[in-house]
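Q: requesting a structural model of the entry that follows:
(one chain, ligands or ions: 1)
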Amino acid sequence: MTDQSPSLILIAEDEAQIAEILDAYLRRAGFRTARAGDGDAALHLARSLRPDLILLDLNLPKRDGFGVLASLRQDGTVPVIVISALDQDIDKLTALRIGADDYVTKPFNPNEVVARITAVLRRSLAGGEAGLHRLGGLALNTLAHEISTAQGPLSLTPSEFRLLEHFMRRPGRVFSRGDLVDACLPEAEALDRTVDSHIANLRRKLASSGAQAALTTVRGVGYRLDAT
Ligand code: CA
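A: So this is what the prediction gives:
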């Protein structure tokens, strides 16, 4: 962020009363807000308004929060805090695995949500440098869609780029093939074996780039990226 204007928060929530409460608390805390009442509108506004953070209800009409999140992660790394009516670990894990930055459960204290937003924004500005991720000599610039190493730029296909970006956002975390398909691959390529071939290519390119980073196979689970 080069300008000093207040951060814009997109509230994707179909329950009008909850959306209004969140809106009021966020504005009082000094944020700008926008609202979407279904998943399609959320995705559309995320792309057109480029908010600084998205509060995303999982149970949305037209396109659920998981679908919105998976599409957002194909576009980039906008911070997302998921809101769920269900305090279920499976939803929480799924949301975090496909790239949510935090998770809150209804009913929530709106002040707590504001505190979480502030923390996630601080983290994303500190670590993200507007979309810059570093690991093991790799520098990935989400906005410029570029990745470089000490030896120069690394040439990746769009799917390889999205996969590497996904790993670099969460170094050391294991992702299953299914997670990677959901988060990184277009529907036409959405097969586990497609992930395997992209991973094999990415591994080869990383190895020859001289970067101190490697994709590790975690048997029976999936893959993770480690600095070496
Ligand atoms: Ca809902």
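Q: residue numbers of the protein in contact with the ion?
A: Taking C-beta under 5 Å from the ion as the contact definition, the chain meets the ion at 14, 57, 59. Backbone N, C-alpha and C define where each C-beta goes, glycine included.
Q: wait, the second one touches V80, no?
A: It stands for D57. No. Using C-beta atoms under 8 Å, D57 and V80 do not qualify as a contacting pair, with a distance of 11.2 Å.
Q: let me see the contact set for G39.
A: Each residue near G39 by C-beta atoms under 8 Å, 6 or more residues apart in numbering is listed here: 12, 60-65, 67-68.
Q: filter those down to the buried ones.
A: Among these, the ones that count as buried by 16 or more other C-beta atoms under 10 Å are 12, 60, 63-65, 67-68.
Q: nearest to the ion among these?
A: Taking C-beta to the ion as the measure, the ion lies nearest L60 of the buried ones among the contacts of G39, at 5.7 Å.
Q: pretty sure E160 sits against H198.
A: Yes. Counting by C-beta under 8 Å, H198 is a contact partner of E160 at 5.7 Å.
Q: look up the closest residue to the residue in the chain that the ion sits nearest to, ignoring the ones flanking it.
A: Closest approach between the chain and the ion, counting by C-beta to the ion: N59, at 4.0 Å. The shortest distance from N59 to any non-neighbouring residue, by C-beta to C-beta, 6 or more residues apart in numbering, is to A85 (6.0 Å).
Q: state the pLDDT value of that neighbour.
A: pLDDT, A85: 82.
Q: which residues are in contact with it?
A: Taking C-beta under 8 Å, 6+ apart, we find A85 in contact with 58-59, 105-106.
Q: quick one: buried ones out of the residues you listed?
A: Buried among the contacts of A85 by 16+ other C-beta under 10 Å: 58-59.
Q: so which residues of this structure form strands?
A: Under the criterion DSSP state E, the chain contains strands at 8-12, 32-36, 53-57, 80-84, 102-105, 132-135, 138-141, 146-149, 152-153, 213-218, 222-227.
Q: ranked by average pLDDT, which of those falls at the bottom?
A: Mean pLDDT per stretch puts strand 132-135 lowest among the strands of the chain, at a mean of 79.
Q: so how far is that strand from its chain's centroid?
A: Here strand 132-135 is found 14 Å from its chain centre; the criterion is C-alpha atoms, centre = their mean, to the nearest Å.
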